[in-house]
Structures are given as C-alpha cells and as structure tokens.
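Novice: The sequence and its predicted three-dimensional model are supplied below.
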Amino acid sequence: MTNINYQAYFSDINQLLKYANEHYLPAITAAVSQFSEYDQALSEADRNRRGGQFEKDKLTIEGNTIVTPDLRVGRTYRFKRQLVGAQVGSYHYGESLVRRMNLRDGDIVKFKLSNQVPPELELVQRNELDDPRKIVRKKVIVERYQQGKLVVRRLHDGKPILEGGKPVTIQLSPNDVRRDNVQVNDVIEVAYYVDQGSGRARISWIYRNETNQTVKPEPKPHSAYTTHKAKSTDVFTPKIAFDLTDKTVLMAGYAAHREEAAALVKAHHGKLIVFDHTSSGKGKGIESNLATAVKHADIVIVMLHAVSHETANKAIAHAKDFHKLVATSNINSPLSIEDAIKRALNREPVYQQSSHVVE
C-alpha cells in the first residue's frame, strides 16, 4: 500500500506557493492538480492489488510505459471568467484562447480527450454565473500623464470614461505595460471588477493593427477590379485614427464615388481597389472575379447599400476563406467607411451592431 505523509505533503505545497504570483500561479496550481490526480490513480491501483497484479482497467503496463486512466474525462467544471483569461478546474486559459471560445462566465464545460494543454473544452450547459463581482470591460486609448505614467481617460470613440456618472482617469499597471509593450495612442481594453472599482483595472487586450514587414509585389491588374490614383486636388481629413501603410483596401460597391473613397484611403496611407460587377468581365462570372479581387486585398469593405445580397455574402465568404480583414458598412458615407475599416482592423464583428450609429 502506498503511504503518504500528508503533513510533509502540505508543507511542500506551501513552500512551492511562496514563489507564486499572478503569472506563475496558474501553472503551479495545474502542476499540483496533475500530481494529485496521478497520486489518486496510483493509490486506487494499490487498493485493488490482486496477487501482485494490478487490475487492467485501473492500471496497465505496456513495455516501460505506465498508462493511467484520465480522471478528468467525464467530469464537469464551471467556466470562470477572469479579468484576463479564464479558469477551468486547475487550468488557466489565456485571453486570446478565451476570445476564440463561445463561452460565458458560469457555463458548465468538460474537457475533451486530447493531449493538448490546456485541454480543449466542450460546452455542457449554458449557465450564467450570478456573481456580484461582475467584470466591466472598456475599449480605451492610452495617453501619457504626469511623470511619464501611462493612463486611460477616453474611450476609443473619444468620449470620457465614466464611473458612477463621473469622468475618471485609470492608471495602467506598470507590469501590464511592460509585459504587453503598451505605447501611447494604443487602443486597448481594460477590465475591472465592479466591487473593486477602476483603481484595480488590468489591461486585458490590445487592439494592434497587423503590419506587413515585407514589401509586397504590386498585384497585376485584373478585370474584377479597377484601381484609381487620387488627384493631387483630392483632399480628405481623417475623422478616425488608423494607419493603412502597405495595405490594400477592396471596396465592394460604391464605385460611383470611387474618387472620394480613394482620397479617404490615401489619407490613411493605403491603396484602394474597387470591385464593380459592371466591369467584372462577361463569361467569367461574378464569383470568380470577386474571389480574385478579394485575394489581392488586405482589407475587404462591403457596402451593403451598393451591392446585392448575393455579392455581399460572397465577398464576406471569400474574405474569410482567404483570411482577410472584413467589415460591412450600412451607410454610403466617408465616416461610415472609416468606421468599417477601423472595425475590420480591430477584428470586430463583420456586421455593424444595430445600436451602433455613425452620423
């Protein structure tokens, strides 16, 4: 029988936790949990020892490898959302992983059978957690404050950050700033618990534009789109800040206002191409030509009021197939186009929310 000195066990665990902090604690707790599971499996095998042989369904020896049953399979856990990432059982899931999951705080999940660490999750039941420590998340702009400290005072749309109806200034954690290399004018997300207030906010996400470090060859002209060089007299003053350097924007529709759109994209240091079904070429089909246009672009903006539903759906589908940034615009106006490009750069939902108003 395997004997464990539990006093020594807990002493060792406490000694290990002395070195834990917010970055290493998830890994340490995961390791302790895994060791505990192995210990439980071995203890169970000892209890079922028969004639010097372990029961095959409890412990199997194959060559020099000991195979133990995965005790996690079949268990259910609560998905606990945190300021940064989430906790499921003894595993911590990073923020980027969490944002790819369709899971909410309090959902009941189980681990999928795999060798992946942390394990993949499977939703068992939707069950929002009625937790008074609700999390507030705000998309904000980084500014420099007194003595060079980085703070946030404005939302990404320029409006002041309010707490209790009053404007507040949130000082960013120096550790978060160093870890994520946060700079002035970065658009980030801060998160804090309602019951703790914004004074204990954390940087939970950074909306960084992807930049291409290599020089792309100029794409050959194609019948699916037409290019336009803005005239020297074309002047557009940006209303929303973003940079399109080395990026090509494909606009599906709005061809009648090509010069205006080209001036807008040029003002952000980008290049415009316009898909127009009237110039797509007979005999080749719209879908084929549209796919080629999307392939040659970095960002796809679909003008919903200027194209058919079929063309809009195909443009969005092609953009996803080619892993392009994509967004739609409900209004044929320069400000709406700027807003759509910014949403695409930030990888926000393709369709504009019904409550989102662009004047």
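Specialist: The structure has been received and is ready for your questions. Numbering: from 1, shown residues only.
Novice: For the rest of this, base every contact and every neighbour count on C-alpha atoms.
Specialist: Fine.
Novice: what about the nearest residue in space to residue 190 that is not next to it in sequence, how many neighbours?
Specialist: Excluding the flanking residues, the one nearest residue 190 by Cα to Cα, 6 or more residues apart in numbering is residue 203, at 4.6 Å. Residues within reach of residue 203, counting by other Cα atoms under 10 Å, total 22.
Novice: What pLDDT does the model give residue 203?
Specialist: Listed pLDDT for residue 203 reads 94.
Novice: Tell me where this protein has helices.
Specialist: 6-17, 25-47, 95-99, 174-180, 258-267, 286-295, 309-321, 334-345 (DSSP state H).
Novice: Leaving out chain neighbours, which residue sits closest to residue 78?
Specialist: Residue 78 sits nearest to residue 108 (Cα to Cα, 6+ apart), 4.7 Å away.
Novice: Please report how far that neighbour lies from residue 206.
Specialist: 28 Å (Cα to Cα, to the nearest Å).
Novice: more crowded one of these two?
Specialist: Using other Cα under 10 Å as the criterion, residue 108 and residue 206 rank with residue 108 on top: 22 against 17.
Novice: in terms of contact, does the more buried one touch residue 79 like I think?
Specialist: Yes. With contact defined as Cα atoms under 8 Å, residue 108 and residue 79 form a contacting pair (6.1 Å).
Novice: could you point out the longest strand in the chain?
Specialist: Assignment by DSSP state E gives strand 135-144 as the longest strand of the chain.
Novice: got any ranges where the stretch 1-150 of the chain has weak pLDDT?
Specialist: 1-73, 129-133 (pLDDT under 70).
Novice: can you do 90?
Specialist: 1-75, 94-106, 113-120, 126-134, 144-149 (pLDDT under 90).
Novice: got it, and the stretch 251-359 of the chain?
Specialist: Across the stretch 251-359 of the chain, the ranges flagged by pLDDT under 90 are 252-263, 274-293, 295-296, 303-313, 329-336, 347-359.
Novice: if we can go back for a sec, the residue nearest to residue 78 and residue 94, how far apart?
Specialist: Taking Cα to Cα, one finds residue 108 at 18 Å from residue 94.
Novice: Also residue 167?
Specialist: Distance, residue 167 to residue 94, using Cα to Cα: 31 Å.
Novice: cool, and residue 169?
Specialist: Counting by Cα to Cα, the gap from residue 169 to residue 94 is 27 Å.
Novice: cool, and residue 157?
Specialist: Distance, residue 157 to residue 94, by Cα to Cα: 27 Å.
Novice: Those two: which is more packed in?
Specialist: Neighbours per residue (other Cα under 10 Å) separate residue 157 from residue 94, with residue 94 holding more: 15 against 10.
Novice: How about the contacts made by that one?
Specialist: Residue 94 is in contact with 84-86, counting by Cα atoms under 8 Å, 6 or more residues apart in numbering.
Novice: and it, backbone torsions?
Specialist: Main-chain torsions, residue 94, degrees, to the nearest 10: phi -60, psi 160.
Novice: when you give positions from now on, start the count at 240
Specialist: Shifting the count to begin at 240 puts that one at residue 333.
Novice: That one and residue 508, how far apart?
Specialist: 34 Å.
Novice: now residue 544, nearest residue through space, not along the chain?
Specialist: Residue 544 sits nearest to residue 569 (Cα to Cα, 6+ apart), 6.4 Å away.
Novice: Now do the domain split for this structure, please.
Specialist: What automatic domain parsing lists as the domains of the chain is 245-364, 374-445, 464-584.
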